[in-house]
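predicted structure and sequence below. I'll ask about it afterward.
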Amino acid sequence: VQLQASGGGLVQPGGSLRLSCLASGTFREINDMNWYRQAPGKQRELVATITSGGSTNYADSVKGRFIISRDDAKNRVYLQMDSLEPEDTAVYYCNADVRTALFRTRNYWGQGTLVTVSS
């Protein structure tokens, strides 16, 4: 199983970006899907989670600005980021709990995509 994140880039404060993460390989289903981020000199932090049932949860710092969604038919998770602030600058990682066999679930990480918010 591989997770491939894309969509990062340079954006001005107040702008928007949409991150996408594709899960590929052989698996039975994807459970929770998450976006994490790691800013320079800081620890990795959980930004948003979406369950297999569509329930979502967000870090306080991004509530009202970011929206996580998923398309199970395409094995993708998205992060719509609006009203971006310089403090959102970080490498963003997708993460997922994937059921690879009837009684086996593993956690996987994508490679990260850099988001830079600067004027």
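The structure has been received and is ready for your questions.

longest strand of this structure?
Ordering each strand of the chain by length in residues (DSSP state E) puts strand 90-101 first.

what helices and strands are in contact with whatever helix or strand comes next after that one?
Per DSSP states H and E, the first helix or strand lying C-terminal to strand 90-101 is strand 104-109. Here strand 104-109 touches strand 2-6, strand 90-101, going by 3 or more CB pairs under 8 Å, 6 or more residues apart in numbering; DSSP states H and E. (Glycine included, C-beta is placed from N, CA and C.)

what residues does whatever helix or strand comes next after strand 104-109 touch?
For strand 104-109, the following helix or strand on the C-terminal side (DSSP H and E) is strand 113-117. Residues outside strand 113-117 that contact it (CB atoms under 8 Å, 6 or more residues apart in numbering): 5-13, 15, 17, 19, 37, 81, 84-92.

for the residue most central in space within the chain, give me the pLDDT.
Closest residue to the average C-alpha location of the chain: Trp35 at 2.7 Å, with CA atoms, centre = their mean. pLDDT recorded at Trp35 is 98.

that one bridge partners, please.
Ala48, Cys94 (DSSP bridges).

CA atoms only for stretch 109-119 - export them in PDB, please.
Extracted C-alpha coordinates of stretch 109-119, given in PDB (Å, rounded to 0.1, in the frame of the first residue of the first chain):
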ATOM      1  CA  TRP A 109       2.200   7.400   5.700                       C
ATOM      2  CA  GLY A 110       2.500   9.400   2.500                       C
ATOM      3  CA  GLN A 111       5.700  11.200   1.500                       C
ATOM      4  CA  GLY A 112       4.600  14.700   2.300                       C
ATOM      5  CA  THR A 113       3.900  17.800   0.200                       C
ATOM      6  CA  LEU A 114       5.200  21.300   1.100                       C
ATOM      7  CA  VAL A 115       2.800  24.200   1.600                       C
ATOM      8  CA  THR A 116       4.400  27.600   1.900                       C
ATOM      9  CA  VAL A 117       2.200  30.600   2.700                       C
ATOM     10  CA  SER A 118       4.100  33.800   2.100                       C
ATOM     11  CA  SER A 119       3.800  37.100   0.300                       C
END
